[in-house]
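J.: sequence first, then the predicted structure:
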Amino acid sequence: MNTALVIGVLATAIMSGASLLYATLGEMIGERAGIVNLGLEGIMLIGASTGFAATALTANPYVGVVAAAAAGAAANLIFAYLVVGRSANQLAAGLSLMFFGFGLSALLGRPFVGALTHSLPRLTLSGLEPNGIAARLLSHDILVYLALPVALLIWWLLFRTRWGLQLRAVGEDPAVAFAAGLKPNVLRYQALTIAGVLGGIGGAHVSVALALTWVEGMTAGRGFIAIALVIFAKWNPLWAVAGALLFGGAEGLQLQLQAAGADVSPFIMNMLPYLLTLLVLVLWGWSRQLAAPAALGRSFVGVE
Amino acid sequence: MVTARPKLRLVWASFVAVLIAWLAAGRPVQILLMAFLFAIITSAGDTLQITQGLPFAVVNILMAVILFIVLAQPARSVGR
């Protein structure tokens, strides 16, 4: 292991961990309100294609990120209407949303296949020597720098504000929360809107900052990794930071080993992040089950 | 995920299978019916690609909208 390899892995871990972190935080807020959103992959794809399209049209990547956040929220509101408004099955609604995301993102992104756009500008500290170790690790776009504050903000929202307490109460038992005078459906709509915004931003980061291109299905299962990360992180935003870095690092290791020409099959390397998820779930599965919001996956049809 | 690439289509089919099983609601004969319905929709995707020049993945929108309408039905006792 030479230093260039280690630094490459770390830089990739930070870069691709950021988009995972946004998506994970979004899913986590939804799950704290008791709603599993399997459509996260679709939300990320819609965010990626909308972000890329808006960036290509306006030549301003920040407009792209905002457009992606809005599109993600709008798409997640369809899901919210189904599972909250019509109390539909959450798993089926989530998979439907995933299909919707695949289709819509392919349609939106089609005119922009192969287009070149501006990427999110990298912000570098002025004092660093170019191409030095510190410069490689510390020159990222604004979304990467904002990822950690956003995780802290969401931890604060969930565990230190009245709104967060109410949201978690709804996730534990909506009927009791309703009896206590809360509005479970309103809180769930709010949680899913925030989830859509964060999922859209995560997707936009993949297309506008990481890949700089649009390909159908380009998020490549990141949405599903993010759902696994929520369990990995025990529904705690601060653990999600560690989880996102770890999974980003697994991806970075895979890229760096391939680039270094290591004699490992790329198919085995592709398995790494998923294998890690399985291992963690097997080893600490039980304590995670206890940490889950009690009403996760159940729909609230009201109290008669 | 749904592209002309056969490997990805396999992954896609496995997700569709989950939804078919859910729609069939524990009645095995309905699986045949639902699988046939989804096969029709999937082949519509090929037609769209050839005649309209749209990406194959666009068929997912059609499928999702059908599913959204099914999911929005009130008092669906299935799969709760």
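T.: Arrived safely.
J.: poorly predicted segments of chain B, please.
T.: Chain B contains residues with pLDDT under 70 at B:1-9, B:74-80.
J.: let's see 80
T.: B:1-12, B:26, B:53-56, B:74-80 (pLDDT under 80).
J.: how about the helices of chain B, start to end?
T.: Here chain B has its helices, by DSSP state H, at B:6-24, B:28-47, B:59-71.
J.: got a list of contacts for the longest one?
T.: With Cβ atoms under 8 Å, 6 or more residues apart in numbering or on different chains as the contact definition, helix B:28-47 has outside contacts at B:2, B:16, B:19-21, B:23-24, B:56-60, B:62-63, B:66. For every residue, glycine as well, the C-beta is placed using N, CA and C.
J.: pull out the buried residues from that helix.
T.: Neighbour counts over helix B:28-47 (16 or more other Cβ atoms under 10 Å in any protein chain shown) mark B:Ile31, B:Met34, B:Ala35, B:Phe38, B:Thr42, B:Gly45 as buried.
J.: tell me where the model's unsure across the stretch 151-300 of chain A.
T.: Using pLDDT under 80, the stretch 151-300 of chain A drops low at A:217, A:219-220, A:254-274, A:276-277, A:280-281, A:284-292, A:297-300.
J.: how about the strands of it, start to end?
T.: Assigned strands in the stretch 151-300 of chain A: none (criterion: DSSP state E, counting those that start in this stretch).
J.: residues in it within reach of chain B, list them.
T.: Residues of the stretch 151-300 of chain A lying near chain B by Cβ under 8 Å from any Cβ of the partner chain: A:Glu216, A:Gly217, A:Ser299.
J.: how many other residues sit next to the closest residue to chain B within the stretch 151-300 of chain A?
T.: Taking Cβ to the nearest Cβ, chain B has its nearest neighbour within the stretch 151-300 of chain A at A:Gly217, 4.3 Å off. Using other Cβ atoms under 10 Å in any protein chain shown, A:Gly217 has 21 other residues around it.
J.: for it, what are phi and psi?
T.: phi 60, psi 30 (degrees, to the nearest 10).
J.: correct me, but it touches A:Ala48?
T.: No - counting by Cβ atoms under 8 Å, A:Gly217 sits too far from A:Ala48 to count as a contact (9.6 Å).
J.: for the buried residues of helix B:28-47, which one is nearest A:Val9?
T.: Distances from A:Val9 to the buried residues of helix B:28-47, taken as Cβ to Cβ, are shortest for B:Gly45 (39.2 Å).
J.: from the contact counts, what lies against the lengthiest helix in chain A?
T.: Ordering each helix of chain A by length in residues (DSSP H) puts helix A:3-32 first. Secondary-structure packing of helix A:3-32 (3 or more Cβ pairs under 8 Å, 6 or more residues apart in numbering or on different chains; DSSP states H and E): helix A:40-58, helix A:133-138, strand A:140-141, helix A:142-160, helix A:162-172, helix A:184-204, helix A:222-232, helix A:237-259.
J.: returning to that earlier point: looking at the residues of the stretch 151-300 of chain A next to chain B, which is nearest A:Met271?
T.: Of those, the one sitting nearest to A:Met271 (Cβ to Cβ) turns out to be A:Gly217, at 18.6 Å.
J.: about what we covered before: buried members of the contacts of helix B:28-47 into PyMOL, please.
T.: Buried subset of the contacts of helix B:28-47, written as a PyMOL selection, criterion 16+ other Cβ under 10 Å:
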select buried, chain B and resi 2+16+19+20+21+23+24+56+57+58+59+60+62+63
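J.: which of the contacts of helix B:28-47 are close to chain A?
T.: Answer for those near chain A (Cβ under 8 Å from any Cβ): B:Val2, B:Leu19, B:Phe56, B:Ala57, B:Val58, B:Val59, B:Asn60, B:Leu62, B:Met63.
J.: before we move on, the earlier item: in a markdown table: the helices of chain B, plus distance to A:Ala88.
T.: Putting the helices of chain B into a markdown table (distance: least, Cβ to Cβ, whole Å) gives the following:
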| stretch | distance to A:Ala88 |
| --- | --- |
| helix B:6-24 | 11 |
| helix B:28-47 | 17 |
| helix B:59-71 | 4 |
